[in-house]
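1. any chance you could fold what I've pasted below:
(one chain, ligands or ions: 1)
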Amino acid sequence: MLRFLTFVVFVLTACGAADLKDTTDATTGDARQLSFELVATLPHRPHAFTQGLVLGENNTLFESSGNYGKSHLVRLEPGSGHRVAARTDLPAYLFAEGLTLHADALYLLTWKAGVCFLYDPKTLQKLGRLEYYGQGWGLTSNGRQLIMSNGSQELSFRNARTFETESTLNVTLNGRALTRLNELEWVNGLIYANIWYEDTIVAIDPVSGRVVEQVDLSALRNYEHKSADALNGIAYKPESNTFLVTGKYWSQIYEIKLQEG
Ligand SMILES: [Ca+2]
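-> Sure thing, here's the model as predicted:
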């Protein structure tokens, strides 16, 4: 009997380990370094101070752009990275930040103003508002909750109806706090994140907070002009398993495929 129980415990433990999507290096526990293949480029609005980027139905990108007096939200034409199909401008006292799609609504943060606006993705008409405490940087959805960054190492998991924080996660890279987390994108059980003023994207385990993958995108600078600002903006294209990435005042959106090594 004891032997049987030991076997059951072993099997349960093994299953639990398999369920955890830990893709860190098995020998060191460190984040795995990935590389990327450049699949395509799309023209990007070069005056966009890109804060949030997300892909909706029909290959349609939504983008939020920051700065006081210039903040706005756009829906682009299907397949385009720069042709605007619809636009809404924010009042001059608001600074647009992270953007995501959740349950047929767009959610837009406003940095230090503590307000998350909801919009109809088709018309960009305002549907409502929610409130948060502190700074709002990046935003994504895991299909159930919203996940928000605030410029620190902390991510907050929020109730999509009330925007109340249900749990928080401290993000670490190889055992050290990883701060300045910015734009976010939930992809297949991992949280992909920009890090403010770094040309690196990381993939975070939503349970442990550990960075399990990182990819250096600094080579994209070779295609950009000198005044291209911070790398920021991650959208995911499920049909091709590719990422659309760009930056503030970047001239292009780059479609990339992540790969081993
Ligand atoms: Ca995103």
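2. use CA for all of it now, contacts and neighbours both
-> Will do.
3. tell me where the model's unsure across the protein.
-> When residues are selected by pLDDT under 70, those of the chain lie in 1-23, 26-27.
4. mind jotting down where the helices sit in it?
-> 2-19 (DSSP state H).
5. residues of it that sit close to the ion?
-> Contacts of the chain with the ion, taken as C-alpha under 5 Å from the ion, map to 53, 54, 184, 185, 234, 235.
6. go again with 6 Å.
-> Within the chain, the residues that sit near the ion (C-alpha under 6 Å from the ion) are 52, 53, 54, 183, 184, 185, 233, 234, 235.
7. so which of those residues sit within strands?
-> The strands, defined by DSSP state E, take in 52, 53, 54, 183, 184, 185, 233, 234, 235 from the residues of the chain next to the ion.
8. neighbours of residue 115, how many?
-> When neighbours are defined as other C-alpha atoms under 10 Å, residue 115 has 19 of them.
9. who's it bridged to?
-> Judged by DSSP bridges, the bridge partners of residue 115 are residue 131.
10. contact partners for it?
-> 109, 129, 130, 131, 132 (C-alpha atoms under 8 Å, 6 or more residues apart in numbering).
11. got the residues you listed as TSV, with distance to residue 63 and neighbour count columns?
-> Below are those laid out as TSV (distance: C-alpha to C-alpha, whole Å; neighbours: other C-alpha atoms under 10 Å):
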residue	distance to residue 63	neighbour count
109	12	31
129	19	15
130	20	17
131	21	15
132	21	19
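12. closest one of those residues to residue 203?
-> residue 109 (21.7 Å; C-alpha to C-alpha).
13. bridging residues for that closest one?
-> residue 116.
14. am I right that it is in contact with residue 94?
-> No. Contact criterion C-alpha atoms under 8 Å: residue 109 and residue 94 do not qualify, at 9.6 Å.
15. who touches the closest residue to residue 84 other than its chain neighbours in this structure?
-> Of all residues not flanking residue 84 in the chain, residue 76 sits nearest, at 4.4 Å (C-alpha to C-alpha, 6 or more residues apart in numbering). Residues near residue 76 by C-alpha under 8 Å, 6+ apart: 60, 61, 62, 63, 82, 83, 84, 85, 86.
16. if we go to 10 Å?
-> Contact analysis of residue 76 by C-alpha atoms under 10 Å, 6 or more residues apart in numbering lists 55, 59, 60, 61, 62, 63, 82, 83, 84, 85, 86, 87.
17. also residue 25?
-> When contacts are counted by C-alpha under 10 Å, 6+ apart, residue 25 is found next to 31, 32, 33, 212, 213.
18. what about 8 Å?
-> Residue 25 neighbours (C-alpha under 8 Å, 6+ apart): 31, 32, 212.
19. now residue 202
-> Residue 202 makes contact with 192, 193, 194, 195, 211, 212, 213, 214, 215, according to C-alpha under 8 Å, 6+ apart.
20. next step: those residues restricted to strands.
-> Using DSSP E, the contacts of residue 202 in strands are 192, 193, 194, 195, 211, 212, 213, 214, 215.
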